[in-house]
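Visitor: I would like to see how this sequence folds:
(one chain, ligands or ions: 3)
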Amino acid sequence: MDTSAEIKLQEQYIKKVKKINVNKDLKYTILTMGCQLNENDSEKLCGMLEKMGYIRTDNQKEADIAVFNTCCVRENAEDKLFGKLGELKRLKEEKGIIIAIGGCMMQEKHITDKIKQSYPFVDILFGTHTLHKFPEDLHKVLEEKRKLEDIIDIEGKIYEGLPIKRDSNIKASVTIMNGCNNFCSYCIVPYVRGRERSRQPRNIINEVKDLAKQGYKEITLLGQNVNSYLRVEREKNILFEEYEGVNSFATLLTAINKIDGIERIRFISPHPKDFTDDVIDAIATCDKVCKLVHLPLQSGNTKVLKEMNRKYTKEQYLELVEKMKAKIPNLTLSTDIIVGFPGETDEEFEDTLDVVRKVGFEQVYMFIYSRRVGTPGDKMENQIPEDIKHKRFDKLKALVESQIEENNQKYVGTIQKVLVEGESKNNKQMLTGRTDSNKVVIFEGNKELINQVIKLKIVSEHMWYLKGAIYEG
Ligand code: SAH
Ligand code: SF4
Ligand code: F3S
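Guide: Numbering: from 1, shown residues only. Ligands and ions are numbered 1, 2, ... in the order given. The predicted model follows:
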């Protein structure tokens, strides 16, 4: 069945489930782990659930259905899921709550085996390639009262036109491609998300235009490797239709930059090895594209990078940063770093610290290497002992925090453009927003400013946020 026929079929199932649920006042709860791609998938699950007559609740006890969208990029997510399932067992026994688990972890056989064996009360297991079939799966459980496993291991397709219920009405995520072909040796993502495939330019442009009409101001383009958007299609001569001049990531940025109403464009994550000059030029010339670029480093040592299969050296990474800084005024950078990859010596780890010192990142997401079943990294013999990994992590964290403190001071006295996102969570008298470089700024102001880009003068800095005052200049 082609993908649009499949979606039409699911629309029928949505109607059938809605009919079963009519006048029942049913609620759902959803827990999302992992990256923004998963969050975007969860927004689609919420869209389907709401069309089927469920209303969202954060109180698990009053829910009729509990959905988990799982991640397996690091080990700690597994503990979290199994803890939650333990809690839900009672609700299953007491009121027969329907439990559905989906997402990346479900593409791992040892995990689904464990669930079937130790948590047999789970109703639906679905994977990353069958998310769109959730209405059909739920219908089967409701009608036939049987447990269901709907997981397939395939290259993956793109499904357009799923309902969506977004978390914010100011900022929206738009997935532009799925899957990953890079096979970094530590990473499970290519095995659970399938091969790289890009959405048609027309579908992305129309989605963003529609978001602009709805009043959204900020768009984040998502993919595991956004700067290889349409690359596989070009290389393998897979048919795609050029639309508004879009045939690459750079031209996509340029086309979205022209859409009225959208004020900010972000994207995650690009891969340093694919950061071509046309993308650098597009970031420099498109006024709406934020000048914060997330550029995952992973390690600063050339030998470790080779073992990681990252396909760049320490020097190439630093040269890329220099080129970008030269071409993009006011560029800021954030990154991801893994410490304790198999075989990493103290000296090799020092190279990571060296790159951090040299680049001066705005934000660093730090991870302790976690063995993932099925990846080459897991089979490497020279695994690093936990205590050494933790020592390195602490050393990196101390360096990063001192850099952030120093960097924050540079903001004081400057004028920043801030997209106002709402009331501050900790202090309802204050509003909160973010700078182009994604720093949180809190300030006093009228609620009418929400969803506008305004100018603030930064008056003080704190570790994780800045304080600002409205600037009437
Ligand atoms: N595609 C994105 C990242 C996906 S996963 C990219 O390439 O940037 C997000 C981050 O998790 C990675 O950048 C990496 O730093 C971290 N990560 C992935 N696998 C990991 C593992 N096995 N152990 C620890 N961190 C890991
Ligand atoms: Fe994982 Fe590497 Fe793909 Fe990112 S680029 S998802 S780190 S394999
Ligand atoms: Fe996790 Fe899957 Fe994202 S493994 S990081 S949720 S792609």
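Visitor: Could you check how far the closest residue to residue 72 other than its chain neighbours is from residue 26?
Guide: Counting by Cβ to Cβ, 6 or more residues apart in numbering, residue 105 is the residue found nearest to residue 72 once chain neighbours are left out, at 4.1 Å. Bear in mind the C-beta positions are built from the backbone N, C-alpha and C, glycine included. Separation of residue 105 from residue 26 (Cβ to Cβ, to the nearest Å): 26 Å.
Visitor: So if I had to pick from those two, which one is more boxed in?
Guide: Between residue 105 and residue 26, counting by other Cβ atoms under 10 Å, residue 105 is the more crowded of the two (26 against 18).
Visitor: and whatever residue of the stretch 1-150 of the chain ends up closest to ligand 2, helix, strand or coil?
Guide: Per Cβ to the nearest ligand atom, residue 73 is where the stretch 1-150 of the chain lies closest to ligand 2, at 7.7 Å. Using DSSP: H, G, I helix; E, B strand; the rest coil as the criterion, the local structure at residue 73 reads coil.
Visitor: Please list all residues in contact with the closest residue to ligand 3 within the stretch 351-473 of the chain.
Guide: Going by Cβ to the nearest ligand atom, ligand 3 is nearest to residue 372 of the stretch 351-473 of the chain, at 9.2 Å. Residues near residue 372 by Cβ atoms under 8 Å, 6 or more residues apart in numbering: 72-75, 186-188, 378.
Visitor: what about it, which SS state?
Guide: Using three-state DSSP, the structure places residue 372 in coil.
Visitor: Reformat the contacts of residue 372 as a markdown table; add neighbour count, pLDDT and distance to residue 290.
Guide: As requested, those are exported to a markdown table (neighbours: other Cβ atoms under 10 Å; pLDDT from 0 to 100; distance: Cβ to Cβ, whole Å):
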| residue | neighbour count | pLDDT | distance to residue 290 |
| --- | --- | --- | --- |
| 72 | 24 | 96 | 30 |
| 73 | 20 | 96 | 25 |
| 74 | 17 | 95 | 27 |
| 75 | 11 | 91 | 32 |
| 186 | 25 | 98 | 28 |
| 187 | 21 | 98 | 26 |
| 188 | 23 | 97 | 29 |
| 378 | 15 | 98 | 36 |
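Visitor: need the residues of the stretch 51-200 of the chain near ligand 3, please.
Guide: The stretch 51-200 of the chain comes close to ligand 3 at residues 71-73, 104, 189, 192-193, as judged by Cβ under 6 Å from any ligand atom.
Visitor: Which of those residues are buried, as a PyMOL select command?
Guide: To isolate the buried ones among these in PyMOL, judged by 16 or more other Cβ atoms under 10 Å, type:
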select buried, resi 71+72+73+104+189+192+193
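Visitor: filter the residues of the stretch 51-200 of the chain next to ligand 3 down to the ones close to ligand 1.
Guide: Restricting those to those near ligand 1 - Cβ under 6 Å from any ligand atom - leaves 73, 189.
Visitor: for the residues of the stretch 51-200 of the chain next to ligand 3, which one is nearest residue 472?
Guide: If you rank those by distance to residue 472 using Cβ to Cβ, residue 71 comes first, at 44.6 Å.
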